[in-house]
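K.L.:
when you get a sec, could you give me coordinates for this:
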Amino acid sequence: MRGTLALAIGLAASLPVAAQEPESATALVRLETLRVEVASRTAASFPARSRMVVVLNAEQLRDLPVRTVADALQWVATADVQPRSPAQTDLSLRGSTFEQVLVLVDGVRMSDPQTGHFDLDLAVPLDRVERIEVLVGSASALYGADAVGGVVNVVTREGGSRLAVHVERGSFDSWRAAGSVDGAVAGVSAGGSAEWDHSDGHRTGTDYETLQLYGRLSAPVVGGRFSAAAGHGRRDFGANGFYAPFDSYEETRTTTVTTGWSGEIGGGFTLHPRLSLRRHGDDFTLIRANPAVYRNVHLSRQRGGELLARRRPLAGRGVALAVGGELYRDEVESDNRATPAAADALGNRSEDRGAAFTELGWAGARASLSGGLRADWHESFGDAWSPSVSGSLDLTGFLRARASWGQSFRAPTWTERYYQDPASIGDPDLEPERSWTLELGAELALPGSGVLHTTAFRRQSDDLIDWVKPAGSPPTAPSTVQNVESARYDGLELLVEGVRAGGFRLDAGGSLLRLEAGEAEGLVSRYALRPLVERATARVARALLGGRALLSGQILHEGRRGDDAYMLLSARLRIRLPGGELALGGTNLTDEEHLDVTGNPAAGRALWLGYRLEVDRGR
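P.N.:
Presented below is the predicted three-dimensional model:
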């Protein structure tokens with residue numbers, strides 16, 4: 001199977017394109033325009049030249065057969081998206097666990113301090129998303145804790161004048177309705193989006209109903225620009241087998257508020273202060289038909305602020321500098337008790353954490369170099385230092401080499417330390433995880449169109465945190481969480497973007513991962529040692545009917561350590577009509593049987609039909 005995957009990747013990368021050789025200047029421009037803000041939080045866009053960043057823009061999101069941000073991430077070649085249902089999804093990158101990926105919305109941390117299971121409990125309807133940026137690899141020097149496998153930044157749309165309404169009907173008795181409105185007057189822009197989704201689920205106990213509301217305001221203030229955003233997400237869903245072999249039920253509520261300002265302060269510096277609040281509630285029932293057996297309610301809050309001063313060089317060359325800091329408080333209120341005597345269970349807790357960071361970068365006509373250092377302080381775990389260095393060199397006008405190295409860390413979550421129920425028992429004495437990552441890569445502008453990215457990396461992780469139980473234990477035996485493993489991850493990634501040939505556009509990618517782990521003898525891992533070891537994606541699109549329709553098809557191949565590999569086929573057809581658009585989509589069209597992250601049957605073939613009415617007067 002791995003040989004077949006390697007062959008598929010090679011064929012995708014060698015699809016015929018136009019034969020003419022591009023001029024060096026044109027190819028270099030293509031390379032320069034590939035990267036966006038997720039890799040340039042600090043000094044400048046220099047890190048973007050030397051890091052692997054994958055971007056899904058708004059048009060691509062509308063071409064894909066997806067309904068949520070989590071669905072869209074499935075088509076990032078290095079991602080491991082583990083859906084239990086559209087209401088609850090885990091995300092990993094480069095063999096990481098779901099706890100080792102940092103999720104941001106417009107650069108603001110949304111990862112949940114209680115558990116990474118809630119990281120994608122966002123309050124952003126898909127129609128509000130301008131693009132999704134994925135920075136792959138160690139990023140703690142930029143973003144602090146949890147950025148071990150990478151960072152996902154969901155960028156919301158701002159500005160313009162627009163009205164859109166979307167209605168959809170699909171398999172499993174699913175319904176979806178969404179709407180957005182945007183307007184701008186005298187430099188002040190405002191917009192709002194709402195989305196409701198309902199389904200009976202693909203198997204018993206995976207029914208769900210979700211509601212997402214999001215609003216944003218931006219205005220000129222004191223020589224700069226003030227912005228504010230607020231969102232609320234509601235998710236009610238059957239959780240049969242999600243965390244334990246029981247027919248469970250869960251309700252979550254997510255509320256986010258962010259305010260910030262950005263403007264010039266002299267000397268070539270810009271200042272970026274920001275305040276944010278994330279509030280997440282979770283009501284979990286272990287046995288849906290009998291709530292009296294076990295039920296707990298959690299409420300977590302993450303609030304604080306950050307300040308960044310940044311100086312960028314003129315015309316993208318020269319020296320750039322950034323300095324900043326942040327201070328946050330994490331809180332949890334919980335009635336979680338495994339027994340009445342379990343006073344050390346989750347309960348009510350709070351912790352403070354802070355950080356200071358700096359980055360210095362330089363870029364010339366053909367080369368760039370940047371170095372960063374971040375010092376994090378955590379009330380319970382002390383100090384952590386995260387250095388990084390990266391660089392790039394344009395070997396020719398259409399070939400760039402890059403390299404990066406960085407250290408990262410992750411502190412255990414509230415759930416890992418203190419949670420207790422009949423299926424899971426935390427450990428308050430856990431140590432933080434520590435990792436380092438070395439990455440080498442290259443970008444090649446292909447003749448005619450498209451870019452080929454190649455990356456090889458090694459990540460060494462120590463004191464990995466995992467939920468484990470003795471081998472041979474019955475399914476209902478509880479798992480305990482421990483620092484049980486160290487592991488080395490070696491990976492190879494290929495990505496082809498924007499190849500055009502014969503009226504088709506191709507985007508394809510693949511990854512291979514080798515894991516060497518010192519797993520504790522006699523223990524069975526629930527999460528940390530079950531990564532995807534082979535993955536390939538391909539997306540092909542073609543315009544039809546004189547450009548009034550677009551047909552796109554997607555193939556996904558995945559193989560997880562210890563499980564059988566499988567392949568999924570999806571497609572979407574968009575037809576532009578006067579004043580609107582008709583869309584027909586389908587996933588798992590071959591009805592491939594495979595298991596989801598819980599070990600239960602994943603969704604089979606699903607189809608849906610939708611209509612979108614939109615009036616867009618531009619920005």
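K.L.:
going forward, measure contacts between C-alpha atoms and count neighbours the same way
P.N.:
Fine.
K.L.:
what segments of the protein are helices?
P.N.:
In the chain, the helices defined using DSSP state H lie at 2-13, 24-32, 46-50, 58-63, 69-73, 140-143, 414-418.
K.L.:
give me the number of residues near the nearest residue to residue 118 once chain neighbours are set aside?
P.N.:
Leaving aside its sequence neighbours, residue 118 sits nearest to residue 112 (Cα to Cα, 6 or more residues apart in numbering; 5.9 Å). Residue crowding around residue 112 was assessed by other Cα atoms under 10 Å; the count is 24.
K.L.:
ok, residue 112 to residue 208 distance?
P.N.:
Residue 112 is 21 Å from residue 208, where distance means Cα to Cα, to the nearest Å.
K.L.:
again with residue 219
P.N.:
In terms of Cα to Cα, residue 219 sits 37 Å off from residue 208.
K.L.:
one more: residue 266?
P.N.:
Using Cα to Cα, we find residue 266 at a distance of 52 Å from residue 208.
K.L.:
what does residue 88 give?
P.N.:
From residue 88 over to residue 208 the distance is 10 Å, taken as Cα to Cα.
K.L.:
kindly report the same for residue 426.
P.N.:
28 Å.
K.L.:
kindly report the same for residue 512.
P.N.:
Taking Cα to Cα, one finds residue 512 at 34 Å from residue 208.
K.L.:
just the strands in the stretch 301-450 of the chain please.
P.N.:
Secondary structure of the stretch 301-450 of the chain by DSSP state E, counting those that start in this stretch: the strands cover 318-334, 349-363, 367-378, 382-396, 399-410, 420-421, 424-425, 433-445.
K.L.:
list the strands paired with the third one, with their directions.
P.N.:
What that stands for is strand 367-378. With DSSP bridges as the test, strand 367-378 is paired with strand 349-363 (antiparallel), strand 382-396 (antiparallel).
K.L.:
identify each buried residue in the last one, please.
P.N.:
Spelled out, that is strand 382-396. By neighbour count with 16 or more other Cα atoms under 10 Å, strand 382-396 contains the buried residues 384, 385, 386, 387, 388, 389, 390, 391, 392, 393, 394.
K.L.:
got the angle between that strand and strand 399-410?
P.N.:
170 degrees (axes from the mean of the first three to the mean of the last three Cα atoms, to 10 degrees).
K.L.:
kindly report the same for the first one.
P.N.:
Taking the same axes, to 10 degrees, one finds that strand 349-363 is oriented at 160 degrees with respect to strand 399-410.
K.L.:
give the buried residues for strand 349-363.
P.N.:
352, 353, 354, 355, 356, 357, 358, 359, 360, 361, 362, 363.
K.L.:
so who does the closest residue to the fifth one other than its chain neighbours touch?
P.N.:
This points to residue 356. Leaving aside its sequence neighbours, residue 356 sits nearest to residue 325 (Cα to Cα, 6+ apart; 4.2 Å). Shown in contact with residue 325 (Cα atoms under 8 Å, 6 or more residues apart in numbering): 306, 307, 308, 354, 355, 356, 357.
K.L.:
what's the spacing between the second one and residue 565?
P.N.:
This means residue 307. In terms of Cα to Cα, residue 307 sits 46 Å off from residue 565.
K.L.:
for this protein, what helix or strand is lowest in average pLDDT?
P.N.:
helix 2-13 (a mean of 36; mean pLDDT, DSSP states H and E).
K.L.:
give me the longest strand you can find in this protein.
P.N.:
Scanning the chain for the longest strand, with DSSP state E as the assignment, gives strand 479-501.
K.L.:
packing partners for it?
P.N.:
Here strand 479-501 touches helix 2-13, strand 424-425, strand 451-470, strand 504-517, going by 3 or more Cα pairs under 8 Å, 6 or more residues apart in numbering; DSSP states H and E.
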